[in-house]
Structure formats: structure tokens, C-alpha cells
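1. kindly return the folded structure for what I paste below:
(2 chains)
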Amino acid sequence: MTATKIKDTPTHQGVDIEEEEDIHDRYFGHEHVTIIEPAKGWRMLDTKELWAYRELLWVLTTRDIKVRYKQTVIGVAWAVIQPLMTMVILSVIFGQLAKIPSDGYPYPVFLYAALLPWAYFANAISTSGGSLVASSQLVSKVYFPRLLIPLSSIGAGLMDLAIATAILVLLMLYYGVGVSANLLMVPFLLIALLFTALGVGVLLSALTVAYRDFRHVVPFLVQVWMYLTPVVYPVSLIPEKWQWLIYLNPMAGLIEGFRSAFLGRPFDTSALTLSFLIALILFTFGVAFFERVERRFADII
Amino acid sequence: MTETVLSVENLGKQYVVGGADQIYGSFRELLTGVMTAPYRRMKKLSGDVAKHEQFWALKGIDFEVGQGEVVGIIGRNGAGKSTLLKIFSRITSPTCGKVTVRGRVASLLEVGTGFHPELTGRENIYLNGAILGMTRREITAKFDEIIAFAEVEKFIDTPVKRYSSGMYVRLAFAVAAHLEPDILVVDEVLAIGDRAFQERCLGKLDAVAGEGRTVLFVSHQLNMISSLCTRTLLLNNGTIAQDGLSSKVIDQYLKTLAGGKYFKVNQNEKFNQNVYLKNVQILGPNLGGATSDGMFSFDEEIKIKINYKVPYDNYFVAVTIENSRGVKVLSSWDSDDGSRPSLEPGQEVVVLFSIPASHLAPDSYTIYIDVDIYAHGRSLTHETTQNLIEINEIGFHFQGGRTVKGSRPLIWNFGGWVYPDVV
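-> Numbers count the residues shown, from 1 in each chain, chains lettered A, B, ... in the order given. Sure, this is the predicted structure:
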């Protein structure tokens, strides 16, 4: 980019520019023609444009990560303390007092294996839900694919997830469970988790722009959703003929899947497939809806 | 004409303005009104509104801009200037029409968009640069230039929330100034910061224009427009009222503004508490007197009429004129040149001070009028009043047809010109 000066003739384009900058150039280059027209109806996600803006996504994500623990005394340690304390409290209440069964595994590990993806999901949808409104300054003053904003807040949560995972590894070693080939499923589960979080987070962020009611809905939604998901209890607690119902909630299948992966027990393949499918539908719908309303953001934010 | 880089065809933008909420006449109406309110609001938020709630911010805009043109856009508040720029920068989409843009557009609708107060100067440069569309490599290449321009080398690793507002603005502008767009879209951003900073930004913009880039520039500061732009668009109620040479369009615009006031006085009228300084009036220049087009001629004067009660001690009456940068341009004391007659203490008198208006460079000025009472070289008490005046450069009528451009000295046209050998 820097190599091409404005007075260069078009033939210079692409000659002294490296391949990797090709797409960037298509969107930012001197010969790029932009046509601005009223956009109506549903449209395809412009993945090439998103790719051209990948640096901005990275910058926004690292910003969110950097800012999160600025001017705190113990800094990143919060990423350890928060899930750990939640785990202890929930273990005492549901494991010790309510004596909720845990399929024969030690309750803390059983809980934490589910709490880990859940906490990520809950955090991702609540931060991304409000992310656009929080960045209204950006949205109304400069152009870039708006999708980057909820994406970056979902991405920033991955850092905390990674840190919290370290605790799970310690717990697994302490209780001596779960080191098995099942762990190979974790990356796939993670991708499905990301897709679900993206679908829901992006949808909520777009809705919050137009209807601020969602600011009040999201915290409530997260709470209800947690109890509709087998986080503190096993699916086996539900009568078998009704179990399919709980798997309509994509998080149910994913959480059970994570549990199977970390505890080394067999996967419920049909439940997992159903959850994957629903996650995909959610993602597609979320992004499509976002793209549809995106162009009105600056006017109504 | 050179290659067209921006073409606008029949562009329109419609907004929804909030209609007044219903007034309820009875309890029953209130009840049904409240029950149906969410439905009505939902309709409104979804953009389904009645005709009277629609408003066209822009309508039927057609124009083209060639490569390297520097175009000013002027108009009153609400004329649609900012909306137009927002469409060019793809922040908002038009309701109808089409814009074709060739090349990379950078829009500066605000300085420091996306700056995060918790991040350091260095981190913010990368953040802001990325937001404005620069690659990491570009930013790294220009990093030293940017911090040099902003003069924040020492604080580059300090969170920007600890910056003074001046440093903050300098850094923010520095990043934007080092973009290398084909088309630069600038909205009123230069209205911030002190005058010195504004001048520097203006210089940078001038340089950008000089490199053959296309610039679209919205401003209320007509002197900036006239010195920077060759062509100007005048927007009025969402349509293009005029498109042509800057000087002509600006002239036209000024005439439409409140009867074409080239000299504005903001008179201070609080004298109740004063013992000595009783009243101050700023008179003239005699608008529209000398020339027919409402400009004031070269020798018209700004007259200041001061009423005061003569104190029993030693005193002086002073006039100080300060320009918008806070520089004192002129001070004058009534006692200095021995022109004050002997006056009876306790009596109220009128004194007139005048200077030719053409001595003051176009700017907005604060005029301080003081009555200062002193004894043994020490001030005992003083009373002061401030008045604001604005002198618009377009208001000057130069005999030789010279137009105002370039440097702006503090004092204009002082001293006399004589051709001694010509009879």
C-alpha cells in the first residue's frame, strides 16, 4: 500500500504489492471503486470485506483484552478467581446442600467442566449484546464492517477461557479423571461454541441498537438460559422421553459434549448433532439479521 | 476536466423525526394508549412511520468532483452537510440515488474516533490508525512522524486519559493527518483546539491538497473555506443551492445570512453595579453605508462610546483588544497623549475611542474597556467590561480587488502609502 503513490498509473497496481495485501488493496486501494446505493432486503455477508478488515478485528479484540484488566491490582488473576469462586459456591449449594447427582463424578469437576464453556458463552453474549451501543461513537463516525464490534468482544473472552481452562486441567489431575482420547473433540466443540455465541451475541447486539429493551432482557436471559442448560445438573436427571426437548437448546448438547470430553465418558452423538445443527442455524440467522439492519445503525444508535 | 473521482446522482436521504406523543383525554384513552404504546413505538423504531414524521435531509443532490479538486461545503446548520459526508464515508446509507467513489476514502468526521482513554498513546495510534483504515505496516512506517507531529514523544507510553486535552487532540489529529487517502472528507474537525493548532491543521490540509488529493471540506469558518478551497457547494435545506467558485458562493451565502452582517457586535449591557463605568457602546462600522453590496469600506471606523463618572483620584480609561487566540492586539489609554481635558470629579462624561476597522485582521475579538483608579503607582480599584466583535474578512471592500488569502497578520493596513514623485 505504502509503495503505491497516488499518481501511479493503474498498471503499477499489484506489481510491487505482495500477494497477501491483495484483498486489502481491493478494499483500500487507489483504484477501488465504491458504489454507494440504498441497500434493501437481505444480503450476503461480504466475507472478503471482513477479511480485508481482519487487522482491525485483531486490534479491537486486543483492545478489549488490554482494557479489561487495566488499573486493577491483581490484573489477569481475576480471570482465575471469578470462575473458581463461582465453582466453589455452586459446588457447595448444589453439590453439598442440594445433593444434586453428578453421574458418579466428583461434583466440582463435573460442574467446572460445564461451567467453563457456559461462563464463556454467558460473558460473550452479554458483552457483545451491548457492544454496539457502547461503541456508538465509532459507529456514527467511521465506516467499517459493523460485525467487527460484536466479534471482537466475543473474541476477547477467549483469553479468559484459556486461563480458566488451566484450572480445569489442575482439577482433572487432582481428581484423576478425564485424560482420554475424548479430549480430541474439544476443538470441534469449541468451534461450535463460538458459532453459537456469535449467532446469539450478534443478534442481541443488533437488537439492542434498535430496541434498548434488550439491555434489560439480556441479564435475565442469561440467568434463565443457564438453568435451562445442564450446567449444575446432569441431563440424566430429566426423564429420558423428555431429554430431546432440552437438546433443542444448543447449549445443552454442547455443555454435555464438553463434559463428555473432559470427563472421558461416551458422547451422545445424536444430541450433539442436533445441537450443532441448531447452532449453525442460529449463527446464520444472527449474522443475516445483523447484515440486514446494519446499514440503519448509524441513524438509530 | 481531470478524471472524475466522485460522482453523485440524484442522492437523497430521509430521516424519521419524532412525532409528538399522543395526548390522552380521558382515563379510558390513557389506558388504551398505554397498552398500545409498545406497539406504536415498535412500529416507529422499525422505520414504519407516517408521512408527516419523515424528513428529507438531502434531496436530489447531483454533482461530480474531479481528481485533485478541493471542494468546500457550506450551509446553515441542518442544511445537510454532515449527512452528505456521512453518506460519502458509508456511515449511513442513502435513501435513494447513487454515489460512485474511485479510490480510498478517509473521513475525518471527528478527531480521535475510537481513542480509548485507558490505552497508551502508542496503543491508541495503532488502534486509531486501524480504525481509519491504515495497515499495521503503514502505521509502523509513519510512527515516528506521527509522534513528532503530535509532540508527545515523552508521553507515548502514558495512558491518554492522563494527557492534557491539547496533547490528546494533537495526537489524534496527527494520526489522521498521516493517512494517505485519495479522497479526504473532513467535517468541521478543525473547530476544536486552539487557534495555533487550527492553523497547523489547516497547513497540513493545504499540503494534502497540494499533493493532488481530492478534499471535501465542511466548515462554518468561511475564511478557511475561502483560503483552502477553489470550489464551494452551498447547501440549503438538503439541496444544492449553488456550486461554483468559492468566493462567489461564499459571497452569495453571506448575503442570505441574516441580512449579510459582516460585522457583528455582542454588546455587554451589565453596568448596574458599577460606580464609575456607566455604559459602553460599540458603534459602527456603518454597515452598508459606503458601498451598495453591504460591505464596509476601507476607512470606516469602529467607534467605542464610553460613559463614565470621573473619579476623585488619578485614573485612566483603557481599551484593550484581544484576538481569538488571546493575543492582545492593541491597548490604548485615554490619559497618555494629553488629550484629556480637565474634568470635574463626580461628573459623568462621554469619551469616544475609534480605530479604522480595516486595521483589525478578520477574526473575532474581545474588547475590554477599563476604568482604572490608582494612587502612588498602585491600582486602587478598577471596573471593566467586555464586548465581543466579529469581523468577517469577506466584508472588506478592497479598492484594487485584492482578495484575502494566506497569511494573517495581527494588524492590517497600518501606516500610510505615499507616492511622493507622482503629482
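2. strands along the stretch 201-350 of chain B, start to end?
-> Shown for the stretch 201-350 of chain B, the strands assigned by DSSP state E, counting those that start in this stretch span residues B:214-218, B:231-236, B:239-245, B:263-266, B:277-283, B:301-309, B:314-322, B:328-333, B:348-356.
3. buried residues, stretch B:78-94. List them.
-> Buried residues in stretch B:78-94, counted by 16 or more other CB atoms under 10 Å in any protein chain shown: B:79-94. Where you see a C-beta, it was placed from the backbone N, CA and C, and this is true even at glycine.
4. contacts for it next, please.
-> In this structure, residues lying in contact with stretch B:78-94 by CB atoms under 8 Å, 6 or more residues apart in numbering or on different chains are A:34, A:36-39, A:139-143, A:295-296, A:298-299, B:6, B:11-13, B:57-58, B:61, B:73-75, B:99, B:101, B:105, B:107, B:109, B:183, B:185, B:187-188, B:216, B:218, B:235-239.
5. stretch A:121-134 now?
-> Stretch A:121-134 has contacts (CB under 8 Å, 6+ apart) with A:139, A:146, A:149-154, A:156-157, A:160, A:193, A:196-197, A:200-202, A:204-206, A:208-209, A:212, A:214-215, A:218-219, A:221-222, A:225-226, A:251, A:297, A:301.
6. do stretch A:207-220 as well
-> Against stretch A:207-220 from outside (CB under 8 Å, 6+ apart): A:125-126, A:129-130, A:132-133, A:204, A:293, A:296-297, A:300-301, B:42, B:45-46.
7. so which of these are in strands?
-> Using DSSP state E, no member of those falls within strands.
8. which one of those is nearest to B:Ser226?
-> A:Ile301 (35.2 Å; CB to CB).
9. okay, now the unreliable bits of chain A?
-> Low-confidence segments of chain A, defined by pLDDT under 70: A:1-31, A:40-43.
10. quick one, helices of it?
-> All helices of chain A, identified by DSSP state H, fall at A:22-28, A:47-52, A:54-68, A:78-90, A:107-134, A:136-139, A:148-175, A:186-210, A:213-227, A:243-246, A:250-263, A:269-294, A:297-300.
11. now render the ones you listed as TSV, adding mean neighbour count.
-> As requested, the helices of chain A are exported to TSV (neighbours: other CB atoms under 10 Å in any protein chain shown):
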stretch	mean neighbour count
helix A:22-28	18
helix A:47-52	14
helix A:54-68	19
helix A:78-90	16
helix A:107-134	23
helix A:136-139	17
helix A:148-175	19
helix A:186-210	22
helix A:213-227	14
helix A:243-246	14
helix A:250-263	26
helix A:269-294	18
helix A:297-300	19
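12. between those helices, which one is nearest to B:Ser165?
-> That would be helix A:136-139 among the helices of chain A, by CB to CB, at 16.7 Å.
13. please parse chain B into its domains.
-> B:4-20+B:46-256, B:263-395 (automatic domain parsing).
14. could I get these as TSV with mean pLDDT?
-> Formatted as TSV, those follow (pLDDT from 0 to 100):
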stretch	mean pLDDT
domain B:4-20+B:46-256	83
domain B:263-395	77
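15. so which of the ones you listed is the most packed in?
-> Greatest average neighbour count among the domains of chain B goes to domain B:4-20+B:46-256 (a mean of 19), per mean count of other CB atoms under 10 Å in any protein chain shown.
16. circling back to that earlier point, let's have the strands of the stretch 201-350 of chain B in JSON lines, adding distance to A:Leu237.
-> JSON lines is the format used below for the strands of the stretch 201-350 of chain B (distance: least, CB to CB, whole Å):
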{"stretch": "strand B:214-218", "distance to A:Leu237": "64"}
{"stretch": "strand B:231-236", "distance to A:Leu237": "67"}
{"stretch": "strand B:239-245", "distance to A:Leu237": "68"}
{"stretch": "strand B:263-266", "distance to A:Leu237": "77"}
{"stretch": "strand B:277-283", "distance to A:Leu237": "86"}
{"stretch": "strand B:301-309", "distance to A:Leu237": "89"}
{"stretch": "strand B:314-322", "distance to A:Leu237": "80"}
{"stretch": "strand B:328-333", "distance to A:Leu237": "83"}
{"stretch": "strand B:348-356", "distance to A:Leu237": "92"}
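17. would you mind measuring from B:Leu360 to B:Val327?
-> Relative to B:Val327, B:Leu360 is positioned 12 Å away (CB to CB, to the nearest Å).
18. can you list contacts of stretch A:106-119?
-> Residues outside stretch A:106-119 that contact it (CB under 8 Å, 6+ apart): A:82-83, A:86-88, A:90-91, A:94-96, A:100, A:102-103, A:161, A:164-165, A:167-168, A:171-172, A:175, A:177-178, A:189, A:193, A:226, A:229-232, A:234, A:251, A:254-256, A:258-259, A:262-263.
19. secondary structure element holding B:Tyr15?
-> In this structure, B:Tyr15 sits in strand B:4-16 according to DSSP states H and E.
20. got the angle between that strand and strand B:239-245?
-> Using axes from the mean of the first three to the mean of the last three CA atoms, to 10 degrees, one finds that strand B:4-16 and strand B:239-245 are set 160 degrees apart in direction.
21. what is the distance between strand B:4-16 and the centre of its chain?
-> Distance, stretch centre to chain centre, for strand B:4-16: 26 Å (CA atoms, centre = their mean, to the nearest Å).
22. between the two ends of stretch B:125-136, how far is it?
-> End-to-end distance for stretch B:125-136, by CA to CA, to the nearest Å: 10 Å.
23. which residues does the residue in the stretch 101-250 of chain A positioned nearest to chain B contact?
-> Nearest residue of the stretch 101-250 of chain A to chain B: A:Tyr143, at 4.0 Å (CB to the nearest CB). Residues near A:Tyr143 by CB under 8 Å, 6+ apart: B:89-91, B:107.
24. please name the nearest non-neighbouring residue to it.
-> Closest residue to A:Tyr143 apart from its sequence neighbours, by CB to CB, 6 or more residues apart in numbering or on different chains: B:Arg90 at 4.0 Å.
25. cool, A:Leu248 as well?
-> Using CB to CB, 6+ apart, the nearest residue to A:Leu248 is A:Ile278, at 6.7 Å.
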